[in-house]
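**Q** Kindly generate the corresponding structure for this input.
(2 chains)
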Amino acid sequence: MISAIQSEGRTVGARIAAIATHLPERVLTNEHLAELYPDWSSDKILDKTGIRERRVAAEYETAGDLAFHAAEKLFAAGDCVREDIDFLILCTQAPDYLLPTTACLLQDRLGLGRHVGALDVNLGCSGFVYGLALATGLIAAGAARTVLLLTADTYSKFIHEGDKSVRTLFGDGSAATLITASNESVIGPFVFGTDGAGGKDLIVEAGGFRTPRGPETALAEADSHGNVRSREQLYMNGANVMSFSLREVPRTFARLLEASGITEADVDHVILHQANKLMLNALQRKMSLPAEKVPHHYEDIGNTVSSTIPFVLANLRDKGQMAPGRRLVVIGFGVGLSWAGASIVC
Amino acid sequence: MSGFYEELAEILEVEPDQVTADLRLESTSWDSLAVVSTIALIDEQYDKAVNATALAACETVGDIERLIAARQTESEA
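**A** Residues are numbered from 1 along each chain as shown, chains lettered A, B, ... in the order given. Now for the predicted structure:
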């Protein structure tokens, strides 16, 4: 099966060789949130979102810092040495500076060679799969052999403390994923999707150059549901995002199976972006997947945006479920609106 | 609609026998999360994608039912 797919030229001899994850220290519990939102008990937050607590970066702790610590854990585990890295990709929506590129700063901070290529990718919940596609493409082109993909975000810095619609869901965190050329393992095919018309459904409107920050954009107001935010903070139209996800994620899975020439039975695990319990349960039912095929990791960390998929992959690896020959499907979806899926043969 | 009413009762945090077409949503826990949950419920039970804005504007359970009835199933769309 693998060689047949390879002959179509849509897969690449590459593997996820190592994963490390990192979380900031500060914990935000449901008990604390329930004190702020009197109509929601801590049990209700857990029941609806599936999330018990999430981590929040410290005031001066950035996504660049979180990415740095995830990468250092990877090196400390002995999974690779710094000299092996020839390309660094950082996926974040909260860069340290407008410029320079945070990935360039991380090259220096991580002590990587000056021959290394480095770039940032500005995507959210679909970002890990896009990063994986770029890494795999670089390897396929012979432009790199060992790519360090860092995913890190600090959505907490975008969120008003009075906005329960997003503060209950998102947590800060990071992951470092090492992608290397391989003779046995295969990454791909990939399928992608974009719908910029839904850009307004998940947005931090002010702070870029379309809507610069000013006194008006800093004004926080309550919406019709009592959630408080300014235009400089994260807004999510949860209903539209749910509709979009129910429409596009099952289609992405079907496209991926077709492109791979396989059926659902050939797939050992389907790793979906860990949005929240409500979303994942709805998708799992709609895609008619058995629960044990759709691993979860959100209860103690929340939705860590582009790092949710590597957090699940790290769990699978720890359970020996990324053994050679195992077939995984990963699907990311969210802000953009943007989505992507990939097939992986470990 | 019995299965739908039971699930809807859970979302609205009311007893199942309280759910009737006349039930006013503002008297329940009909908030943004409930709207999101109802989109998922309608998709699961009827294979229909209702407009999120129209759903949020519903005032009674009957309004939700009319919205569902007006939609084709996704497989027909």
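
**Q** What residues of stretch A:258-269 count as buried?
**A** For stretch A:258-269, burial by neighbour count (16 or more other CB atoms under 10 Å in any protein chain shown) applies to A:259-260, A:262, A:267-269. Every residue, glycine included, has its C-beta placed from N, CA and C.

**Q** same question, stretch A:297-312
**A** Residues A:297-298, A:301-312 are the ones in stretch A:297-312 that count as buried (16+ other CB under 10 Å).

**Q** can you list those residues in JSON lines and add pLDDT and distance to chain B?
**A** As requested, those are exported to JSON lines (pLDDT from 0 to 100; distance: CB to the nearest CB, whole Å):
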{"residue": "A:His297", "pLDDT": "98", "distance to chain B": "21"}
{"residue": "A:Tyr298", "pLDDT": "97", "distance to chain B": "16"}
{"residue": "A:Ile301", "pLDDT": "98", "distance to chain B": "20"}
{"residue": "A:Gly302", "pLDDT": "98", "distance to chain B": "15"}
{"residue": "A:Asn303", "pLDDT": "98", "distance to chain B": "14"}
{"residue": "A:Thr304", "pLDDT": "98", "distance to chain B": "20"}
{"residue": "A:Val305", "pLDDT": "98", "distance to chain B": "18"}
{"residue": "A:Ser306", "pLDDT": "98", "distance to chain B": "22"}
{"residue": "A:Ser307", "pLDDT": "98", "distance to chain B": "23"}
{"residue": "A:Thr308", "pLDDT": "98", "distance to chain B": "18"}
{"residue": "A:Ile309", "pLDDT": "98", "distance to chain B": "21"}
{"residue": "A:Pro310", "pLDDT": "98", "distance to chain B": "26"}
{"residue": "A:Phe311", "pLDDT": "98", "distance to chain B": "23"}
{"residue": "A:Val312", "pLDDT": "98", "distance to chain B": "21"}
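
**Q** when you check the buried residues of stretch A:258-269 against the helices, which ones overlap?
**A** Those of those mapping onto helices are A:259-260, per DSSP state H.

**Q** Looking at the buried residues of stretch A:258-269, which is nearest A:Lys48?
**A** Nearest to A:Lys48, judged by CB to CB, of the buried residues of stretch A:258-269 is A:His269 at 25.1 Å.

**Q** So for A:Met1, what's the pLDDT?
**A** Predicted confidence (pLDDT) for A:Met1: 39.

**Q** count of neighbours near the residue in the stretch 151-300 of chain A that chain B sits nearest to?
**A** Chain B sits closest to A:Ala239 of the stretch 151-300 of chain A, with a gap of 3.4 Å, by CB to the nearest CB. When neighbours are counted by other CB atoms under 10 Å in any protein chain shown, A:Ala239 registers 24.

**Q** Look up the closest residue to it, ignoring the ones flanking it.
**A** In this structure, A:Ala239 finds its nearest non-sequential neighbour in B:Ala52, 3.4 Å apart by CB to CB, 6 or more residues apart in numbering or on different chains.

**Q** where does that neighbour land on pLDDT?
**A** So, for B:Ala52, pLDDT stands at 89.

**Q** do the same with the one 10 residues further on
**A** With respect to pLDDT, B:Gly62 scores 96.

**Q** Pipe the buried residues of stretch A:297-312 into CSV and attach secondary structure per row.
**A** Below are the buried residues of stretch A:297-312 laid out as CSV (DSSP: H, G, I helix; E, B strand; the rest coil):
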residue, secondary structure
A:His297, coil
A:Tyr298, coil
A:Ile301, coil
A:Gly302, coil
A:Asn303, strand
A:Thr304, coil
A:Val305, helix
A:Ser306, helix
A:Ser307, helix
A:Thr308, helix
A:Ile309, helix
A:Pro310, helix
A:Phe311, helix
A:Val312, helix
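
**Q** Would you mind checking which of those residues is nearest to A:Gly198?
**A** Closest approach to A:Gly198 among the buried residues of stretch A:297-312 (CB to CB): A:Val305, at 16.7 Å.

**Q** residues in contact with the closest one?
**A** A:93, A:124-125, A:127, A:151, A:153, A:155, A:170, A:334 (CB atoms under 8 Å, 6 or more residues apart in numbering or on different chains).

**Q** so who does residue 34 touch?
**A** Using chain A. A:40-42, A:45.

**Q** You answered for a different chain; I wanted chain B.
**A** Applying CB under 8 Å, 6+ apart, we find B:Ala34 in contact with B:11-12, B:28.

**Q** Near chain A, which residues of chain B are found?
**A** Counting by CB under 8 Å from any CB of the partner chain, the residues of chain B close to chain A are B:29, B:31-33, B:35-37, B:39-40, B:43-44, B:49, B:52-53, B:55-56, B:74.

**Q** Narrow those to just the buried residues.
**A** The neighbour count (16+ other CB under 10 Å) marks B:31-33, B:35-37, B:39-40, B:43-44, B:49, B:52, B:55-56 as buried among the residues of chain B next to chain A.

**Q** Turn these into TSV, including distance to A:Leu99 and secondary structure.
**A** Output for these, formatted as TSV (distance: CB to CB, whole Å; DSSP: H, G, I helix; E, B strand; the rest coil):
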residue	distance to A:Leu99	secondary structure
B:Asp31	40	coil
B:Ser32	36	helix
B:Leu33	38	helix
B:Val35	40	helix
B:Val36	37	helix
B:Ser37	42	helix
B:Ile39	40	helix
B:Ala40	41	helix
B:Asp43	42	helix
B:Glu44	46	helix
B:Ala49	41	coil
B:Ala52	37	helix
B:Leu55	42	helix
B:Ala56	40	helix
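
**Q** can I assume A:Ala340 sits in a helix?
**A** No. Counting by three-state DSSP, A:Ala340 is located in no helix; its state is strand.

**Q** Tell me where the stretch 151-300 of chain A has strands.
**A** In the stretch 151-300 of chain A, the strands defined using DSSP state E, counting those that start in this stretch lie at A:173-181, A:186-194, A:202-204, A:221-222, A:228-229, A:234-236, A:269-272.
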